[in-house]
Each structure stands twice: as C-alpha cells, then as structure tokens.
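Trainee: Please find the sequence and the predicted model below.
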Amino acid sequence: MSFTLLVRKFLAALMPDRLVYVLSEEASHKRCRYQKRLLRSHGDDLYLANNVSLISPGEITFGNHCAVNEFVHILAGGGVTIGNGVWIANHASIITITHPKDVEFVGHHPAITEPVVIEDNVWIGSHAIILPGVKLGKSCVVGAGAVVTKNVPPYAIVTGIPASVQSYKLRGGELPYRQVDGQHG
C-alpha cells in the first residue's frame with residue numbers, strides 16, 4: 001500500500017467528512033483528466049462527474065461547455081457526436097449498439113452499430129435513454145425517464161416511452177417552426 005493511500009485512510013478516520021470530500025475531489029479531477037485523454041476529441045470546459053462510464057471513448061466527440069453528470073453511461077461503439085453546451089443529467093444512457101430484430105436468437109449474430117448525434121444546447125434529463133441511430137436536434141429537451149427511439153426535431157421537448165414531442169421551446173415568443181397540421185415543418 002502506498003504512503004499516500006495510508007495517509008488518506010488515516011486522515012479519513014480522524015478528520016471531518018469535508019476533508020475526505022476534498023481528497024476524493026482531487027481523485028475525481030485526475031480521473032476526469034484521464035478520461036478526456038481517451039476521447040476522440042473534446043472542446044473547452046468539459047465536465048465529467050464521478051462514475052461516468054464511457055465504453056469505446058475513442059468514438060466520442062464533445063463540443064465546448066458540456067457537462068456529463070454522475071452515473072451516465074455512454075456505449076459509443078457506433079460513434080457519438082455531442083455538440084456545444086450539452087448537459088446530460090445523472091443516470092442517463094446513450095447507446096449506439098443493438099442487435100438484429102429479425103432473428104430468433106441474437107447471440108449468434110453480430111451487433112449492429114448506429115451513431116448518435118446530439119446537436120448544440122441539448123438538455124438530457126435524468127434516467128433518459130437515447131437509442132442507436134438517433135439525432136437530437138438543436139436546443140431540444142429530453143425529459144427525465146424518456147426513451148428516445150427516433151430523431152428529435154430542434155427546439156422540441158420530448159417525454160415518455162417511447163419519447164414523443166410534447167411541445168416546443170419558444171424563441172422570442174414564437175415557435176421556431178412553422179406548424180403544419182400539428183407537425184413540425
């Protein structure tokens with residue numbers, strides 16, 4: 001056991017919780033720097049919280065000013081592109097790998113990979129799941145617990161299982177889309 005680890009254990013036993021938090025915060029920053037080096041690329045000010053799981057991090061691209069909170073899972077074998085200003089809440093999942101749907105037993109067939117694209121200024125709520133091949137449009141909001149199976153248009157607010165458009169964010173007091181028979185256009 002290293003001397004540093006012994007000191008941390010000793011201090012943890014004697015000192016208040018705040019000191020233990022400060023020490024674990026240092027380890028968190030080191031882990032975050034390590035994970036950033038594994039990414040395909042990332043912009044400025046990327047925040048990766050504790051316990052973020054990045055599978056195939058070399059297939060992930062982040063823009064500027066992104067935040068990924070605790071217990072987020074990104075399975076990026078098919079590629080994940082994340083724009084600027086994207087915030088991902090805790091326990092969300094982004095999945096790019098699936099299996100064929102037209103077979104009796106998936107174990108004998110190769111996995112299918114489909115990229116996920118998340119445009120600028122998207123918010124993804126807690127426990128949301130983004131499935132393979134989905135594109136999240138600019139400034140959309142994915143509600144907590146939503147399962148996104150199809151592309152989401154820009155400025156849409158989606159919730160539910162499967163996710164569906166509930167409304168649109170307003171821009172300057174007006175909808176960003178021309179509405180045609182209840183559809184975005």
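Mentor: Good, I have the coordinates.
Trainee: Grab the nearest non-local neighbour of Asn64.
Mentor: Nearest residue to Asn64 in three dimensions, chain neighbours excluded: Gly43, at 3.4 Å (Cβ to Cβ, 6 or more residues apart in numbering). Where you see a C-beta, it was placed from the backbone N, CA and C, and this is true even at glycine.
Trainee: So the one you found: helix, strand or coil?
Mentor: What DSSP: H, G, I helix; E, B strand; the rest coil gives for Gly43 is coil.
Trainee: where's it relative to Val103, distance?
Mentor: For Gly43, the distance to Val103 (Cβ to Cβ, to the nearest Å) stands at 40 Å.
Trainee: So for the two, which sits in the more crowded spot?
Mentor: A count of neighbours by other Cβ atoms under 10 Å puts Gly43 above the other of Gly43 and Val103, at 15 against 10.
Trainee: From Ile82, how far off is the more buried one?
Mentor: 10 Å.
Trainee: can you pull the contacts of the residue nearest to Asn64?
Mentor: Contacts for Gly43 (Cβ atoms under 8 Å, 6 or more residues apart in numbering) come out as Phe62, Gly63, Asn64, His65, Cys66, Asn84.
Trainee: do you know how far the third one is from Ile112?
Mentor: Taken as Cβ to Cβ, the spacing of Asn64 relative to Ile112 amounts to 31 Å.
Trainee: Show me what the residue nearest the centre of the chain is bridged to.
Mentor: By Cα atoms, centre = their mean, the chain has its centre lying nearest to Ile88, at 4.7 Å. Counting by DSSP bridges, Ile88 is bridged to Val68, Ile124.
Trainee: hmm, back to that, and which of the contacts of Gly43 is nearest Gly160?
Mentor: Nearest to Gly160 out of the contacts of Gly43 is Cys66 (Cβ to Cβ; 25.1 Å).
Trainee: burial count for the closest residue to that closest one other than its chain neighbours?
Mentor: Leaving aside its chain neighbours, Cys66 sits nearest to Val86 (4.8 Å; criterion: Cβ to Cβ, 6+ apart). Look at Val86: counted by other Cβ under 10 Å, it has 22 neighbours.
Trainee: mind checking pLDDT for Val86?
Mentor: Listed pLDDT for Val86 reads 96.
Trainee: contacting residues for it?
Mentor: Counting by Cβ under 8 Å, 6+ apart, Val86 touches Phe62, Gly63, Cys66, Ala67, Ile118, Asp120, Asn121, Val122, Trp123, Ile124.
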